[in-house]
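Peer 1: Below: sequence and its predicted model.
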Amino acid sequence: MKIIVTGGTGYIGSHTTVVLLQQGYDVVIVDNLCNSSVDVIDRITQITDRRPQFEKVDLSKETPTNNFFQQHQDAAGIIHFAALKAVGDSVKWPTRYYKNNLGSMVNILENMQQYSIGSLIFSSSCTVYGQPDKLPVTEDTPVQKAEAPYGNTKQINEEMIVDALAANEISNAISLRYFNPVGAHDSALIGELPLGVPTNLMPYITQTVIGLRQKVSVFGNDYDTEDGTAIRDYIHVVDLADAHLVALERLLKGQNADPYEVFNLGTGQGNSVLDVIKSFERSTGLKVPYEIVGRRAGDIEKIYADTQKAENILNWKTTRDLDQMTASAWAWEKHYREVIEKR
Ligand code: UD1
């Protein structure tokens with residue numbers, strides 16, 4: 001059975017492609033490679049012994065997208081990861097973000113309708129909740145006005161899906177609201193690879209320890225948390241990838257209770273920035289040079305998921321802890337710098 005994975009050479013897309021191939025699905029990756037490398041396909045093949053098909057297409061462009069779908073109209077479902085995702089960049093270049101993230105969704109929905117492709121899994125984010133009043137955050141927590149265009153594109157994308165479903169333009173969709181995905185595949189052949197200076201915590205830590213950056217700036221230790229640093233729900237990317245398979249199969253088997261469902265994907269555990277640094281040091285035996293600096297504009301104090309809905313309905317929960325996340329993120333960084341990058 002053929003599944004289209006948009007953004008399949010990216011961080012979460014590549015891990016999900018591995019899971020799908022290992023489950024016997026045929027995968028067509030569509031990616032414009034604006035933030036990833038085509039070499040990822042070789043490494044996915046190395047892990048799974050199966051090669052996904054690959055098409056280089058910019059999904060925000062109408063004609064190439066239509067051509068792509070015409071060729072792959074036999075797909076049973078789509079998992080849509082392809083998007084621009086840097087919060088700071090989205091503030092600098094909002095129009096680029098809207099054009100890419102919303103334009104792609106318009107084209108995908110049109111083609112799903114045209115070719116009656118039934119199932120869509122959408123990569124959403126806990127960013128839609130802003131700083132919630134009550135923790136942990138359930139899926140019923142009201143969505144708050146986005147702080148940055150990036151978050152706004154996630155909200156609008158969800159609304160576009162809801163409207164397309166209401167009008168029967170498409171038939172089934174699930175939005176997965178990720179908390180903070182980190183870590184890498186056990187093989188250390190795929191992982192997170194930000195272009196330039198990382199903005200997210202885990203790649204900043206691994207790049208610092210490998211010697212590419214001097215030290216980690218911890219953004220603020222005056223939050224109302226145990227150690228004063230901000231709290232997030234870090235989730236291992238392989239657990240996250242597994243959840244995509246479960247959600248997809250729910251739609252493919254027609255087990256969904258409603259045409260549109262939303263699930264939080266997190267561990268339910270909040271960890272502070274210093275917890276992550278301590279975990280890294282514990283799991284690798286290496287020191288993380290860091291300093292406390294001021295808060296980062298736009299950061300929230302704490303957020304973590306209520307995981308009941310995913311556990312009860314998807315029958316999915318995470319199995320990997322923070323030390324496995326930090327250890328695997330480090331194994332990937334090391335393997336990438338010492339072997340893959342030098343090829
Ligand atoms: C951010 C985005 C979120 C997006 C996610 C994935 C915001 C407000 N949210 O999440 O919408 O889905 O990235 O791209 O930007 N930290 C440091 N030093 C660093 C980097 C981060 O102390 O060098 C801290 C941050 O202040 C935060 C935590 O580490 O408390 C996690 O930060 P990060 O990895 O950037 O993720 P979020 O900001 O939670």
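Peer 2: That came through, no problem. Since this is a predicted model, take the numbers as computed values, not measurements.
Peer 1: Only C-alpha atoms from now on, for both contacts and neighbour counts.
Peer 2: Fine.
Peer 1: What parts of the stretch 101-250 of the chain come near the ligand?
Peer 2: Taking C-alpha under 6 Å from any ligand atom as the contact definition, the stretch 101-250 of the chain meets the ligand at 125, 127, 151, 199-201, 204, 216-219, 230-231.
Peer 1: 5 Å - rerun?
Peer 2: T127, N200, L201, S217, V218, F219, A230 (C-alpha under 5 Å from any ligand atom).
Peer 1: Surely the fifth one forms part of a helix?
Peer 2: When you say that, I think you mean V218. No - under DSSP: H, G, I helix; E, B strand; the rest coil, V218 falls outside any helix and is assigned strand.
Peer 1: pLDDT wise, what is it at?
Peer 2: pLDDT recorded at V218 is 98.
Peer 1: do the first one as well
Peer 2: Model confidence at T127, given as pLDDT, is 95.
Peer 1: May I ask which helix or strand encompasses the closest residue to it other than its chain neighbours?
Peer 2: In this structure, T127 finds its nearest non-sequential neighbour in G151, 5.9 Å apart by C-alpha to C-alpha, 6 or more residues apart in numbering. Using DSSP states H and E, G151 falls within helix 149-166.
Peer 1: Quick one: list the elements packing against that helix.
Peer 2: With contacts defined as 3 or more C-alpha pairs under 8 Å, 6 or more residues apart in numbering; DSSP states H and E, the packing partners of helix 149-166 are helix 87-92, helix 94-97, helix 103-114, strand 119-125, strand 172-178.
Peer 1: Let me have these in JSON lines, extended by mean neighbour count.
Peer 2: Formatted as JSON lines, the helices and strands packed on helix 149-166 follow (neighbours: other C-alpha atoms under 10 Å):
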{"stretch": "helix 87-92", "mean neighbour count": "16"}
{"stretch": "helix 94-97", "mean neighbour count": "17"}
{"stretch": "helix 103-114", "mean neighbour count": "20"}
{"stretch": "strand 119-125", "mean neighbour count": "23"}
{"stretch": "strand 172-178", "mean neighbour count": "24"}
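Peer 1: Switch those over to CSV; also include distance to Q144.
Peer 2: Formatted as CSV, the helices and strands packed on helix 149-166 follow (distance: least, C-alpha to C-alpha, whole Å):
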stretch, distance to Q144
helix 87-92, 16
helix 94-97, 19
helix 103-114, 21
strand 119-125, 12
strand 172-178, 14
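Peer 1: what about the residue nearest to T127, how many neighbours?
Peer 2: Counted by other C-alpha atoms under 10 Å, the residues lying close to G151 total 24.
Peer 1: quick one on the thing from earlier: just flag the most distant two among the residues of the stretch 101-250 of the chain next to the ligand.
Peer 2: Maximum pairwise distance in those, criterion C-alpha to C-alpha, is 21.8 Å, between T127 and S217.
Peer 1: So if I had to pick from these two, which one is more boxed in?
Peer 2: T127 (24 against 17).
Peer 1: helix, strand or coil for the more buried one?
Peer 2: Secondary structure state of T127, per three-state DSSP, is helix.
Peer 1: Kindly report the same for T206.
Peer 2: Classified using three-state DSSP, T206 is helix.
Peer 1: What about the closest residue in space to V87 that isn't next to it in sequence, how many residues nearby?
Peer 2: Residue nearest to V87 in three dimensions, not counting chain neighbours: Y150, with 5.5 Å by C-alpha to C-alpha, 6+ apart. Y150 sits with 25 neighbouring residues when counted by other C-alpha under 10 Å.
Peer 1: sorry, back to before: for the residues of the stretch 101-250 of the chain next to the ligand, which PyMOL command selects only the ones that are buried?
Peer 2: Those of those that count as buried under 16 or more other C-alpha atoms under 10 Å are selected in PyMOL with:
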select buried, resi 127+201+217+218+219+230
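Peer 1: Closest to I44 out of the residues of the stretch 101-250 of the chain next to the ligand?
Peer 2: Minimum distance to I44 across these is 23.8 Å, recorded for N200 (C-alpha to C-alpha).
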